[in-house]
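Trainee: missing the sequence, but the structure's below:
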């Protein structure tokens, strides 16, 4: 029996699924006594350091956890579950950690995008049973803005490179904790779980001990999910956001089965965009919740869900906040949520007042779950002008003249699935969303969507040079060469595609094979 310390934040379903996949049963902690009685304790901390410690204190878990750890009993901490072991964190001034390992948690100080999101390697510094059967060059999934700095190097189990070398896992007796997420790291992550659970495995080094690691460029498979005219949930794909063909919704398959296929083909992440409102449903009956729950049973890479993350009222008159909607998605298996049209409205309001309210969906979700959990999905289109003086928005000189020979353009944000343009540009939206707490940008382009003619490199460079958070390039991929083009000509951290993957015109694995040796990718 494995005891799971779930204090109520983030996606712990995937941790449960990973452990159960290995044939073990899981008991969630419901009181401090459950911690005291645990044989093996897993603590998957997610979100904000201050919020985590406050909830743990309120539930009276802290002293029981300290007692368990000081007794040197089997413990696996994940992400914030690693950071909690330390004295304090720069993320939360004045908030004490557990103090089991002397040291602090610091924010990254790099000229790279923060959060550090994606697949990176590990440099092994001491033997451990968790390395049994690993080659040593595996990549694991990271998503964090802060890293631990122990006073004593003797506890360092692994390091990872991101601008500089940081501690990515610690080991102190029977206490093991990782900054990366084993439950989101595919087969390598499942091996870490399996080895942790078997206390009889001797400590060892992997076959290969690396000296430096690199963050991979991510290949993301996107599934546009909506209800067809028969009421079934299907994956569809439109051309410039039109998903109908001969009057019917294009049906490219069932979402759970397709997600499983992409995972097996090597997709680094999977994104579900729910393009049907489902506004009549009570929150607990949302069809996408079941899709996430079933997908997370067998898919052990990050899952993002977008569409409808806003306040709404169901058919019975009950009001749900965006935070409640996001929380339910996280509990069902999502790792990140994507906010689209609502982000445009939030930024428009911010521009009127120049002040943060603290009450927007971006701010509230980031405060509870961390910046890395909030993705902003931007749906811009090109608007051509003859001169930069014609508009107040940021304008670029384009290599692709407009219909009347215009040499300049700006990128207009849209809402309602691209049907309504707003007086707001994409780079301003991205910049302010970062200020409000977003951790990543999903950058679409209506002009390129479904064209198979390549990503809009000019748009991607414009936005990527505006923000310091990761950018996912989307819309327009039609061949493997387009992925190399976007990674070689922009600083985008990831590239996303939908239709070419659904129709198997370009399998995910073919993209990886083509990129391997040209850019860092996870194979």
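Mentor: Sure, I can see it. Since the structure is predicted, the reported quantities are computational estimates derived from the model, not experimental observations. Numbering: from 1, shown residues only.

Trainee: Tell me the helices and strands packed up against the host helix or strand of residue 225.
Mentor: Using DSSP states H and E, residue 225 sits within strand 218-227. Of the remaining helices and strands, those touching strand 218-227 by 3 or more C-beta pairs under 8 Å, 6 or more residues apart in numbering; DSSP states H and E are strand 233-236, helix 255-265, strand 269-274, helix 287-295, strand 494-497, helix 499-502, helix 508-515. Using the backbone N, CA and C atoms, a C-beta is placed for each residue, glycine as well.

Trainee: if we go to 7 Å?
Mentor: Counting by 3 or more C-beta pairs under 7 Å, 6 or more residues apart in numbering; DSSP states H and E, the packing neighbours recorded for strand 218-227 are strand 233-236, helix 255-265, strand 269-274, strand 494-497, helix 508-515.

Trainee: Tell me the buried residues in stretch 258-265?
Mentor: 258, 259, 260, 261, 262, 263, 265 (16 or more other C-beta atoms under 10 Å).

Trainee: Same list (these) but as a markdown table, adding pLDDT and distance to residue 398.
Mentor: A markdown table is the format used below for the buried residues of stretch 258-265 (pLDDT from 0 to 100; distance: C-beta to C-beta, whole Å):
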| residue | pLDDT | distance to residue 398 |
| --- | --- | --- |
| 258 | 94 | 35 |
| 259 | 96 | 36 |
| 260 | 96 | 40 |
| 261 | 96 | 37 |
| 262 | 97 | 33 |
| 263 | 98 | 38 |
| 265 | 97 | 35 |
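
Trainee: returning to what we had before: what angle separates the strand holding residue 225 from strand 269-274?
Mentor: Here strand 218-227 runs at an angle of 20 degrees relative to strand 269-274 (axes from the mean of the first three to the mean of the last three C-alpha atoms, to 10 degrees).

Trainee: picking up where we left off before, closest to residue 23 out of the helices and strands packed on strand 218-227?
Mentor: Residue 23 sits nearest to helix 255-265 of all those, at 20.2 Å, using C-beta to C-beta.

Trainee: hmm, who's touching that closest one?
Mentor: Contacts to helix 255-265, defined as C-beta atoms under 7 Å, 6 or more residues apart in numbering, come from residues 221, 223, 225, 233, 235, 270, 272, 291, 294-295, 298-299, 301, 501-502, 507-509.

Trainee: Next, the angle helix 508-515 makes with that helix.
Mentor: 30 degrees.

Trainee: so how far is helix 255-265 off the chain centroid?
Mentor: Mean-position distance between helix 255-265 and its chain equals 17 Å (C-alpha atoms, centre = their mean, to the nearest Å).

Trainee: Narrow the contacts of helix 255-265 to those that are buried.
Mentor: Buried by 16+ other C-beta under 10 Å: 221, 223, 225, 233, 235, 270, 272, 291, 294-295, 299, 301, 501-502, 507-508, out of the contacts of helix 255-265.

Trainee: From these, which shows the smallest pLDDT?
Mentor: For the buried ones among the contacts of helix 255-265, the model is least confident at residue 233; its pLDDT is 72.

Trainee: List the contacts of that one.
Mentor: 225, 227, 255, 287, 291.

Trainee: Export those residues as a markdown table, with columns for distance to residue 67.
Mentor: Formatted as a markdown table, these follow (distance: C-beta to C-beta, whole Å):
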| residue | distance to residue 67 |
| --- | --- |
| 225 | 46 |
| 227 | 51 |
| 255 | 44 |
| 287 | 44 |
| 291 | 41 |
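
Trainee: between those, which is closest to residue 94?
Mentor: residue 291 (41.1 Å).

Trainee: what's the burial count for the closest residue to residue 477 other than its chain neighbours?
Mentor: The shortest distance from residue 477 to any non-neighbouring residue, by C-beta to C-beta, 6 or more residues apart in numbering, is to residue 497 (4.1 Å). Around residue 497 there are 27 other residues, counting by other C-beta atoms under 10 Å.

Trainee: tell me which element residue 445 is part of?
Mentor: Counting by DSSP H and E, residue 445 is found in no helix or strand.

Trainee: Now the phi/psi pair for it, please.
Mentor: Backbone torsions of residue 445, given as degrees, to the nearest 10, read phi -150, psi 110.
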